[in-house]
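**Student:** sequence and predicted structure below; questions after.
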Amino acid sequence: MAHKKKGQLTTTSEWAKHLRKYLKRKFWKKERKTGKIMIKRD
């Protein structure tokens, strides 16, 4: 998950192994929230 992929709104940096579960949750929460904001704007 270190790079932006097609259909993804945000990018991430490298995740340390011991933080991956926490950071994935945090990342996807923000991704969903950003998606909802983008839909409301359009």
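**Tutor:** Yes, it's here.

**Student:** could you pull out the helices in this structure for me?
**Tutor:** 20-41 (DSSP state H).

**Student:** burial of the residue lying closest to G35 once chain neighbours are set aside, as a residue count?
**Tutor:** Distances taken as C-beta to C-beta, 6 or more residues apart in numbering put L9 closest to G35, at 6.2 Å, once the chain neighbours are dropped. C-beta here means a position set from N, CA and C on the backbone, and glycine is covered the same way. The number of residues packed near L9 is 13, by other C-beta atoms under 10 Å.

**Student:** tell me who's in contact with L9.
**Tutor:** By C-beta atoms under 8 Å, 6 or more residues apart in numbering, L9 lies in contact with E31, T34, G35, M38.

**Student:** narrow those to just the buried residues.
**Tutor:** Neighbour-count burial (16 or more other C-beta atoms under 10 Å) is assigned to none of the contacts of L9.

**Student:** dump those residues into JSON lines; add pLDDT as well.
**Tutor:** Output for those, formatted as JSON lines (pLDDT from 0 to 100):
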{"residue": "E31", "pLDDT": "87"}
{"residue": "T34", "pLDDT": "88"}
{"residue": "G35", "pLDDT": "88"}
{"residue": "M38", "pLDDT": "88"}
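
**Student:** closest one of those to K24?
**Tutor:** E31 (10.2 Å; C-beta to C-beta).

**Student:** give the residue spans of this protein that score low on pLDDT.
**Tutor:** Along the chain, the parts satisfying pLDDT under 70 run over 1-7, 10-15.

**Student:** okay, buried residues for stretch 18-33 please.
**Tutor:** F27.

**Student:** got the CA coordinates for that stretch in PDB?
**Tutor:** Only the C-alpha atoms of stretch 18-33 are listed here, as PDB (Å, rounded to 0.1, in the frame of the first residue of the first chain):
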ATOM      1  CA  HIS A  18       4.500  -3.600  13.500                       C
ATOM      2  CA  LEU A  19       2.200  -0.700  12.600                       C
ATOM      3  CA  ARG A  20       0.600  -2.100   9.400                       C
ATOM      4  CA  LYS A  21      -2.800  -3.200  11.000                       C
ATOM      5  CA  TYR A  22      -3.200   0.100  12.700                       C
ATOM      6  CA  LEU A  23      -2.200   2.200   9.700                       C
ATOM      7  CA  LYS A  24      -4.300   0.300   7.300                       C
ATOM      8  CA  ARG A  25      -7.400   0.900   9.400                       C
ATOM      9  CA  LYS A  26      -6.500   4.600   9.700                       C
ATOM     10  CA  PHE A  27      -5.800   4.900   6.000                       C
ATOM     11  CA  TRP A  28      -9.000   3.200   4.800                       C
ATOM     12  CA  LYS A  29     -11.100   5.200   7.200                       C
ATOM     13  CA  LYS A  30      -9.700   8.400   5.700                       C
ATOM     14  CA  GLU A  31     -10.100   7.000   2.200                       C
ATOM     15  CA  ARG A  32     -13.800   6.300   2.700                       C
ATOM     16  CA  LYS A  33     -14.400   9.700   4.400                       C
END
